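Q: pasting the structure only:
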């Protein structure tokens with residue numbers, strides 16, 4: 001990622017809490033002129049963008065107008081990225097005002113939404129119409145367009161990342177042309193979906209749907225890590241979606257969250273799970289935090305969209321003022337990678353809120369960290385101690401190097417660009433594809449120049 005000393009890290013939190021509050025944070029302005037000269041920050045407040053020229057188009061035509069008149073432009077979604085992937089020194093275009101549900105296609109079981117629609121906004125509508133999405137991230141506050149562009153994911157050993165629900169994408173390329181791509185376009189589609197913001201400004205996205213369902217979740221406390229040597233995949237397969245939370249102390253998994261499709265006759269929880277005991281009340285992933293912001297547990301059935309995320313839509317997500325990093329390794333290396341990270345516990349834990357360990361099924365997207373490999377993701381929610389964290393990340397990357405770890409595209413990392421590029425076998429194909437839609441680099445920024453083209 002670009003050097004940290006070129007970015008402003010502020011001490012106040014700018015937490016994303018919900019649609020109404022987010023709308024109040026940023027004035028609604030026509031696309032003909034930027035809102036103000038004051039740069040925005042990302043949701044956690046660790047990053048201030050490099051330009052105050054932010055536009056808020058409401059239609060595809062307004063996006064086309066902006067693209068045609070701009071020499072450099074980057075798209076902004078929910079601003080949940082922790083690095084500079086969406087930064088630009090010239091102009092940014094926010095999808096905030098493009099939040100319409102275009103249409104529910106019951107014949108093909110898909111929904112088309114504008115690029116500013118967040119998962120938490122569209123999920124109740126789907127449920128009312130007897131539909132669901134196959135997976136959600138831990139936060140429902142993010143946009144579908146931004147999440148899929150960066151390979152963001154939920155959990156589930158049989159569930160792919162959020163991009164695997166994409167059936168089609170509409171975007172405006174560097175010439176101002178509207179381009180529509182769907183699964184019918186074959187392998188090119190796999191190059192477009194996880195696009196890192198490099199192909200253009202996404203305006204609409206079509207998602208595959210499944211029948212609606214009820215979910216429940218139960219939490220187990222204090223699972224010994226050594227149990228996972230022979231049982232990692234077994235435990236990760238115990239539910240529709242499973243997450244481990246650890247602070248890397250005492251070789252212990254603090255919490256195991258198991259989210260399952262709700263049945264009629266199953267007990268709320270088993271008496272024990274390889275030595276872990278069921279929680280007797282709702283808990284937060286960070287045990288010292290109050291649990292009212294988290295989705296309901298204790299085996300109580302509820303709509304899929306109120307169980308699959310960890311946090312409720314109407315509340316402040318996660319810890320708020322934080323930094324995030326995440327690394328993907330092949331699932332076959334899960335336990336060995338975990339033990340390699342555990343060796344750093346004395347260095348990691350002092351700067352850590354919590355780590356989450358999840359699994360993601362393999363996919364076919366060229367720039368996905370899970371391209372052709374079912375993966376385990378090691379996520380770090382870190383205190384906003386920027387200097388210390390940026391010194392810690394290279395140590396994490398070093399111990400994960402034997403496993404060819406790939407960082408999350410929208411989180412913090414320091415991996416050498418050449419090493420990063422070597423881990424993406426379709427990188428040249430991706431750059432060739434980008435060149436057909438943006439031959440002069442209108443949508444490139446420092447992040448892409450360094451990590452993709454450097």
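A: Received the coordinates, thanks. None of the values given here were measured: they were computed from a predicted structure.
Q: Shouldn't residue 277 be within a helix?
A: No: when classified by DSSP: H, G, I helix; E, B strand; the rest coil, residue 277 is found to be strand rather than part of a helix.
Q: List the contacts of the closest residue to it other than its chain neighbours.
A: Distance criterion Cβ to Cβ, 6 or more residues apart in numbering; nearest residue to residue 277, sequence neighbours excluded, is residue 221 at 5.6 Å. Placement of C-beta: from N, CA and C, glycine included. When the contact criterion is Cβ atoms under 8 Å, 6 or more residues apart in numbering, the partners of residue 221 are 254-256, 276-279, 283.
Q: just checking, next helix/strand downstream of the lowest-mean-pLDDT helix or strand in the chain?
A: In the chain, the helix or strand scored least confidently by mean pLDDT, DSSP states H and E is helix 19-25, which has a mean of 28. Reading on from helix 19-25 to the C-terminus, the next helix or strand found by DSSP states H and E is strand 54-55.
Q: which other helices and strands contact that next one?
A: If contacts are counted by 3 or more Cβ pairs under 8 Å, 6 or more residues apart in numbering; DSSP states H and E, strand 54-55 sits against strand 92-94.
Q: what about residue 184, how many residues close to it?
A: Residues contacting residue 184 under the criterion other Cβ atoms under 10 Å number 8.
Q: Check residue 80 too.
A: Using other Cβ under 10 Å, residue 80 has 24 neighbouring residues.
Q: Checking it next. Helix, strand or coil?
A: Applying three-state DSSP: residue 80 is coil.
Q: about what we covered before: now the buried members of the contacts of residue 221.
A: With neighbours counted by 16 or more other Cβ atoms under 10 Å, the contacts of residue 221 contain buried members at 254-256, 276, 278-279, 283.
Q: Kindly reformat these as CSV containing distance to residue 42.
A: As requested, the buried ones among the contacts of residue 221 are exported to CSV (distance: Cβ to Cβ, whole Å):
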residue, distance to residue 42
254, 27
255, 27
256, 30
276, 35
278, 36
279, 32
283, 27
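Q: biggest separation within those, which pair?
A: Taking Cβ to Cβ as the measure, the buried ones among the contacts of residue 221 reach their widest spread between 254 and 278, a distance of 13.9 Å.
Q: The stretch 151-300 of the chain: strands as residue ranges?
A: Residue ranges of the strands in the stretch 151-300 of the chain, as given by DSSP state E, counting those that start in this stretch, are 166-172, 178-182, 201-208, 210-211, 214-224, 241-246, 252-261, 277-278.
Q: Buried residues, the longest one. List them.
A: Within strand 214-224, the residues that count as buried by 16+ other Cβ under 10 Å are 214-221, 223.
Q: Please state the offset of it from the chain centre?
A: For strand 214-224, the distance from its own C-alpha centre to the chain's C-alpha centre is 22 Å (Cα atoms, centre = their mean, to the nearest Å).
Q: The most centrally placed residue in the chain: what's it in contact with?
A: Centroid check for the chain by Cα atoms, centre = their mean gives residue 152 as the closest residue, at 3.1 Å. By Cβ under 8 Å, 6+ apart, the residues touching residue 152 are 137, 142, 146, 161-162, 408, 410.
Q: how close does it sit to residue 183?
A: Going from residue 152 to residue 183 by Cβ to Cβ, to the nearest Å gives 20 Å.
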